[in-house]
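[1] Turn this into a structure:
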Amino acid sequence: MKRKQIGIWAVCMAVLGSLLAVPAMAVDTGVYTGAVITSYYTMMDLVAYGGTALGGILTGRAFLLGQVAMGQAVAMILLSSEFFLAMRALGSLFHVAMNGMSAADRMFRLFDLPEMEDGTQRVEAGGITVRDVSFSYDGKKETLSSINLSIPQGSFVSLCGVSGCGKSTLSALISGMRPGYEGSIMIGSVELRNAAGESIRELITVVSSNSYLFGGSVYQTLREGKADATDEELKDVLRRVNLLDFVNGQGGLSMKLSERAVNLSGGQRQRLAMARALLKDSPIYIFDEATSNIDVESEEAIMGVIHSLKGSHTILFISHRLANAVESDYIAFLQQGVLAEQGTHAELMQKRGAYFHLFEAQEKLMHLGKEGETLGSRCSISNRRMCGCWFMFNFVPKSLLCQRRKEVIQKL
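    Have a look, this model is predicted:
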């Protein structure tokens, strides 16, 4: 009987040993697929819990047959669970090793990438000239094609167009974040390829729709824009973006921020990123969809700040919402990577081209949305029996409501 029990334990240990070899083989061969990891843990769970159960069953059988005493049976059950569960925990360390190896491979691939060649010329504040610029991400399909654009110093220029037309790509080229373009981009009298990266970063500040905010405090976040800023400067810039009252109510400049500032709303995060950018006070600002995905109040506050920079700074404003570009000095309208139209808002509206039609379509959608919200509110307040009307205007997308549905609801 003892030989049989020893044999069973030996088989269990052999099976467990073979399972522990699975992740080791995966590490050696570079196989880190989810299927391997899932299968491995399924087998480990089966052996760990099954082995514990089997040990309890064999111990109980031996106790009933009088082969072991009560104390011995309890010890065997406890040792059985401790052995198998501990071995499973040891096996999980191989999972950590696999994750570490996979992460190390990605890190080494990143380290092996060729470094960007940095120029040596220092860039001074001046106008931006884009001449015959083309760009492709994969070397096959052009994202931008023969773009010609002039942005005078101190002007307010808007890049507009539908999503995917190349607005953000062009801004990335101008800010020096994307190399490999064809043509010429001049800032002042210096070609961007020959400019020193440090001087470009001092000259240009980019505010995107998802600016990264590190964890810490409001004080630390704002001083990323200006390291020697005083408390008065910090409070002043928060006041400009209409965020000072909120910050004061949360403990002042020492208010804690989570990583990516997830403890703030989307509009508050964007206004805080705007405040940090304003502290830098760079000659050139690029606002890449800085007003997207935020509430109306935050959008108005941000647009007010952007317009306050007009004249004293060069502004490149990127937006798919044309209403925000109306007051620009100049508007460049992109279509499928090509500069289709350019001019002031009045000039582009007179041309009645692509810009005109997109502007009219957006205005109609905006008007329909406001009308639907107003009518839905009246229905819900004046007569609860009209809840179907209220539901339609508040939960069905306004752009999907046809004119006939509006007429029927208005008759109600």
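
[2] Please identify the helix or strand for the most centrally placed residue in the chain.
    For the chain, the residue whose C-alpha lies nearest the mean C-alpha position (CA atoms, centre = their mean) is residue 210; its distance is 5.5 Å. When elements are assigned from DSSP states H and E, residue 210 belongs to no helix and no strand.

[3] Name all residues that make contact with it.
    Residues near residue 210 by CB atoms under 8 Å, 6 or more residues apart in numbering: none. In short, each C-beta sits where N, CA and C put it, glycine included.

[4] where's it relative to residue 266, distance?
    10 Å (CB to CB, to the nearest Å).

[5] re the thing from before, and the residue nearest to the centre of the chain, its phi and psi?
    Phi and psi for residue 210, reported as degrees, to the nearest 10, are phi -130, psi 50.

[6] Repeat that for the one 4 residues further on.
    For residue 214, the backbone dihedrals are phi -80, psi 160 (criterion: degrees, to the nearest 10).

[7] and it, what does it touch?
    For residue 214, the contact set (CB under 8 Å, 6+ apart) comprises 220, 221, 224, 257, 259.

[8] Can you convert the residues you listed into TSV and add a column each for neighbour count, distance to residue 291 and secondary structure?
    Converted to TSV, the contacts of residue 214 look like this (neighbours: other CB atoms under 10 Å; distance: CB to CB, whole Å; DSSP: H, G, I helix; E, B strand; the rest coil):
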residue	neighbour count	distance to residue 291	secondary structure
220	14	25	helix
221	21	20	helix
224	15	22	coil
257	20	22	strand
259	11	24	helix
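
[9] okay, among those, which ones form the most distant pair?
    Using CB to CB, those reach their maximum pairwise distance at 224 and 259, which is 14.3 Å.

[10] ok so, going back, and the residue nearest to the centre of the chain, how far from residue 292?
    Look at residue 210 and residue 292: by CB to CB, they are 9 Å apart.

[11] Output the below-cut-off pLDDT ranges for the stretch 51-200 of the chain.
    Flagging of the stretch 51-200 of the chain using pLDDT under 70 yields the residue ranges 51, 81, 83-88, 90-92, 94-95.

[12] for it, what spans make up the helices?
    70-111, 167-174, 197-203 (DSSP state H, counting those that start in this stretch).

[13] helices and strands around the longest one, which ones?
    To tie it back to what came earlier, the one meant is helix 70-111. Applying 3 or more CB pairs under 8 Å, 6 or more residues apart in numbering; DSSP states H and E, we find helix 70-111 packed against helix 2-29, helix 34-64.

[14] Least confident of the ones you listed, on average?
    In terms of average pLDDT, helix 2-29 trails the rest of these, at a mean of 47.

[15] Can you get me a residue count around the residue lying closest to residue 271 once chain neighbours are set aside?
    Once flanking residues are discounted, residue 271 sits nearest to residue 241: 4.2 Å by CB to CB, 6 or more residues apart in numbering. Residues lying near residue 241 (other CB atoms under 10 Å) number 22.

[16] Thanks again, I'm all set now.
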